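1. here is my input; please provide its structure:
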Amino acid sequence: MFAVGDKIVYPMHGAGVIEKIEEKKILGENRKYYILSVPCGDMKIMIPVDSAEEIGVRAIVSSDQLIRVIELLKSETTQMSNNWNRRYRENQEKLKTGELSKVAEVVRNLMRTDRDKKLSTGEKKMLSSAKQILISEMILVNNVDQDEANEIINRSVE
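-> Alright, predicted model coming up:
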């Protein structure tokens with residue numbers, strides 16, 4: 001179980017800090033929830049404490065792990081399907097894992113694909129979401145602001 005002040009990652013939504021743990025009655029059921037404050041967009045997320053592990057909630061990565069992720073952004077683009085629909089599904093599965101390295105791989109590959117041949121609307125939205133997930137964790141690990149985290153990603157992917 002996590003505690004107030006812990007920095008955690010909620011897959012598909014990004015990293016944040018647990019502001020409080022509250023008991024709430026939702027749909028007639030009392031449950032404890034982590035109230036997560038996400039640094040990008042002043043978003044608050046409620047995560048059921050009893051299903052956090054099942055959902056894939058994890059602690060943020062270490063600064064050493066983040067350095068490896070930034071190196072991954074600089075590495076070669078991995079082979080992706082030419083069929084945008086299949087590519088979208090494969091990338092969606094990577095994002096669902098909540099693993100920062102998989103999120104970074106999606107960001108790198110889609111950013112480079114967008115430069116060469118424009119992405120579909122769905123893939124553009126996916127890239128934006130994946131980038132926000134990556135940025136939110138970078139902010140909390142490296143104590144940088146959103147613009148600086150975005151710039152690190154852009155420079156690394158070039």
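2. run a quick neighbour tally on M46.
-> Other residues lying near M46 total 12 when counted by other C-beta atoms under 10 Å. No exception for glycine: its C-beta is placed from N, CA and C like everyone else's.
3. kindly report the same for the one 3 residues further on.
-> Other residues near V49 number 16, with proximity taken as other C-beta under 10 Å.
4. what does R89 give?
-> There are 11 residues near R89, going by other C-beta under 10 Å.
5. which residues does the helix or strand where it lies contact?
-> Assessed by DSSP states H and E, R89 sits inside helix 84-97. For helix 84-97, contacts defined as C-beta atoms under 8 Å, 6 or more residues apart in numbering pick out 11-12, 56, 80-81, 102-103, 105-106, 109-110, 119-120, 122-123, 126, 129-130, 133.
6. quick one: the strands in this protein?
-> Listed in chain order, the strands of the chain (DSSP state E) span 7-10, 14-26, 29-38, 43-48, 58-59.
7. and the helix holding R89, what's buried?
-> Buried positions in helix 84-97, judged by neighbour count with 16 or more other C-beta atoms under 10 Å: R87, Y88, N91, K94, L95.
8. follow-up on the earlier one: which among the contacts of helix 84-97 count as buried?
-> Buried among these by 16+ other C-beta under 10 Å: 11-12, 80, 102-103, 105-106, 109-110, 119, 123, 126, 129-130, 133.
9. with adjacent residues omitted, what lies nearest to the residue most central in space within the chain?
-> The residue lying closest to the centre of the chain (C-alpha atoms, centre = their mean) is I133, at 2.6 Å. For I133, ignoring the flanking residues on the chain, the nearest one in space by C-beta to C-beta, 6 or more residues apart in numbering is G14 at 4.3 Å.
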